[in-house]
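# Need coordinates for the following:
(chains A, B, C and D)
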Protein chains: 2
Amino acid sequence: MTMVDNMSRGTAFRTSGSGAAAGRRGGVAGDAEGTDWTAGFPGLASLGPEVRAGLVAHSRLASLPAGTVIFGPGKAPENLLLLVEGSVRVQQTAEGGREVVLYRVGAGESCVLTTACLLGYEGYPAEGIAETEVRAVMVPRGAFEDLIVRSAAFRRFVFAAYARRITDLIRVIDDIAFRRIDVRLSQRLLDLAEADGTLRVTHQELALELGTAREVVSRQLHEFQRRGWVALGRAQIRLVEPSALRRLARE
Amino acid sequence: MTMVDNMSRGTAFRTSGSGAAAGRRGGVAGDAEGTDWTAGFPGLASLGPEVRAGLVAHSRLASLPAGTVIFGPGKAPENLLLLVEGSVRVQQTAEGGREVVLYRVGAGESCVLTTACLLGYEGYPAEGIAETEVRAVMVPRGAFEDLIVRSAAFRRFVFAAYARRITDLIRVIDDIAFRRIDVRLSQRLLDLAEADGTLRVTHQELALELGTAREVVSRQLHEFQRRGWVALGRAQIRLVEPSALRRLARE
DNA sequence: GCGCCGTCGGTGACTAAGTCACGCCCGCGG
DNA sequence: CCGCGGGCGTGACTTAGTCACCGACGGCGC
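Predicted coordinates for the structure are as follows:
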């Protein structure tokens, strides 16, 4: 579904109230031209064709290498991010270097913390890091506001994204406060495993995922190994008995 | 506990171009008539007068007794809540009866989890309970959407509220994962204390606040007492040396 | 007053989790 | 060959959470 006739729809994006320069960069920027990436977003399926075309025209598709810090304390984002490909890890770092992973944003999802920061609030607590190479659509502030005004479907998309993140965070709270770390560790192992049942992570990295200490992870993994559930190597874990891990993870 | 009937679905706000903002009482129920409660919301100060009038006309001021469960699993809300007076506690209850308090909504704030549920997402994880008697403006879904479309100021208000809640949740995660419970307990004591330096709570209630066990709270309080920082009575605590507690809380 | 009962809190013994200090092994570059 | 740094193992210890039980207080009916 190619939408190139977007300019004919002159009214498509005209910021109403705020008049905040809806970055109409001369001749439409970016490599998003022509590709209707909106198909990759289930939540955007019900957008009207003109709205969709306008979105495509006013945003740009960017590629970020793995490891890019997308936002963080003192690094406010400029755009709403819609992930086309890759994965963004949002984490909280405490003093002393300990971390917890709050949630991940995957393909087809949006990074709403961005908009929260952009539109409402200063003082970001968390940071977002590209885990893999990331291809994402950057929707500038003006276009975002305009979409909110024009499209009920887009509003639903955005609010659903917020709700999703909030439930994720509440889940993390529940996990940390009430769940045993062996249970949480087994869940992570299953989540992070490749298709072949191996994962290349250090104990330290797993500890940061779970917001605990390296020694704790090491001991738990050792216990898993003793039971024959995993095989451990240097910075590498092979899941020998995933069904047992799943059973534990369901606690 | 009068539940609000949804009137005026579909039609956008009739902007009362007519007289004063206050005057509209055409069939709109509730005690909100005439009172321009929007003054109590700093975030709404920049709303245009017509928008404000429409908001007043289409919403309804309700009074909920202390203890009312405003939302919860299987109890989806029908309105956006703007608190005029009182306090709502939002908490998470795990199986086994243990709880954590996620955040509180105070006067002048809005309960956005409500909108998230309403507009986007099913499956509420948390529940909201009126801690005191609560006076709140109930904005029905249609009016909410209309406001979002019409007013940039209202959008800012809503997104700021989201951002606020998200940062609150991240703060809770940080606390639970990385802070010692004596530090967290001293913070709560200071937060929950009356002006005269006393609080009437049971150890059990404090434990639920912090997501820990009653015995842990009891032992910590006992230790505080041993140091002469507090005086303990049945379901009552007096802060004897608040400065010492503050010092600890700043850890 | 007396006894009943539910809530509130105290306690000891135990397990789970996190902290601290140290030391080993492996791979790699000089 | 050596040194070095990342990754891991380990023991000893502290802190937090769990379990079982009991006693003390306060309200209430009588």
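# Am I right that residue A:198 is in contact with residue A:235?
No. Using Cβ atoms under 8 Å, residue A:198 makes no contact with residue A:235, being 11.1 Å away. Using the backbone N, CA and C atoms, a C-beta is placed for each residue, glycine as well.
# contacting residues for the most centrally placed residue in chain A?
Taking Cα atoms, centre = their mean, the centroid of chain A lies closest to residue A:105, which sits 1.6 Å from it. By Cβ atoms under 8 Å, 6 or more residues apart in numbering or on different chains, the contact set of residue A:105 is A:81, A:83, A:87-88, A:90, A:111, A:128.
# now the residues you listed in CSV, with distance to chain B, secondary structure and neighbour count?
Formatted as CSV, the contacts of residue A:105 follow (distance: Cβ to the nearest Cβ, whole Å; DSSP: H, G, I helix; E, B strand; the rest coil; neighbours: other Cβ atoms under 10 Å in any protein chain shown):
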residue, distance to chain B, secondary structure, neighbour count
A:81, 16, strand, 26
A:83, 18, strand, 22
A:87, 20, coil, 17
A:88, 16, strand, 24
A:90, 9, strand, 22
A:111, 12, strand, 22
A:128, 12, strand, 25
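# Columns distance to residue A:244 on top of the residues you listed, output as CSV?
Output for these, formatted as CSV (distance: Cβ to Cβ, whole Å):
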residue, distance to residue A:244
A:81, 38
A:83, 33
A:87, 27
A:88, 31
A:90, 30
A:111, 35
A:128, 34
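# Select from these the entry with the lowest predicted confidence.
When those are sorted by pLDDT, the bottom entry is residue A:111 at 86.
# what's across from it in the sheet?
Residue A:111 has these beta-bridge partners by DSSP bridges: residue A:81.
# residues contacting it?
Counted by Cβ under 8 Å, 6+ apart, residue A:111 has contacts A:70, A:80-83, A:88, A:90, A:105, A:128.
# where does chain A come near DNA strand D, residue by residue?
Applying Cβ under 7 Å from any atom of the strand, one finds that chain A approaches DNA strand D through A:178, A:202-204, A:214-215, A:218-219, A:221-222, A:232, A:234-236.
# gap between the strand or helix carrying residue A:149 and the chain center?
Following DSSP states H and E, the helix or strand that holds residue A:149 is helix A:141-150. Remark: helix A:141-150 is offset 21 Å from the chain centroid, using Cα atoms, centre = their mean, to the nearest Å.
# what comes up buried for it?
A:141-150 (16 or more other Cβ atoms under 10 Å in any protein chain shown).
# for stretch A:79-95, same thing?
So for stretch A:79-95, counting by 16+ other Cβ under 10 Å, buried means A:79-93.
# now the end-to-end length of it.
28 Å (Cα to Cα, to the nearest Å).
# quick one: the strands in chain A?
For chain A, the strands defined by DSSP state E occupy A:60-64, A:69-71, A:79-85, A:88-93, A:99-105, A:110-111, A:127-130, A:134-140, A:198-199, A:230-233, A:236-239.
# Show me what the third one is packed up against.
What that stands for is strand A:79-85. For strand A:79-85, the packing partners by 3 or more Cβ pairs under 8 Å, 6 or more residues apart in numbering or on different chains; DSSP states H and E come out as strand A:110-111, helix A:112-119, strand A:134-140, helix A:141-150.
# ok, the last one near chain B or not?
Yes. Helix A:141-150 is in contact with chain B by Cβ under 8 Å from any Cβ of the partner chain, via A:145, A:148-149.
# what angle do the longest helix anywhere in chain A and strand B:88-93 make?
With residue count as the measure and DSSP state H as the assignment, chain A has helix A:152-178 as its longest helix. With axes from the mean of the first three to the mean of the last three Cα atoms, to 10 degrees defining the directions, helix A:152-178 sits at 60 degrees from strand B:88-93.
# How far off centre is helix A:152-178?
12 Å.
# swap in stretch A:85-92?
On Cα atoms, centre = their mean, the centre of stretch A:85-92 falls 5 Å from the chain's centre.
# Output that stretch as CSV, restricted to C-alpha atoms.
This file holds the C-alpha atoms of stretch A:85-92, laid out as CSV (Å, rounded to 0.1, in the frame of the first residue of the first chain):
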residue,chain,number,x,y,z
GLU,A,85,12.7,-3.5,14.3
GLY,A,86,14.9,-4.3,17.2
SER,A,87,14.5,-4.0,21.0
VAL,A,88,14.9,-1.2,23.5
ARG,A,89,15.7,-1.9,27.1
VAL,A,90,14.4,0.6,29.6
GLN,A,91,16.2,0.4,32.9
GLN,A,92,16.7,2.2,36.2
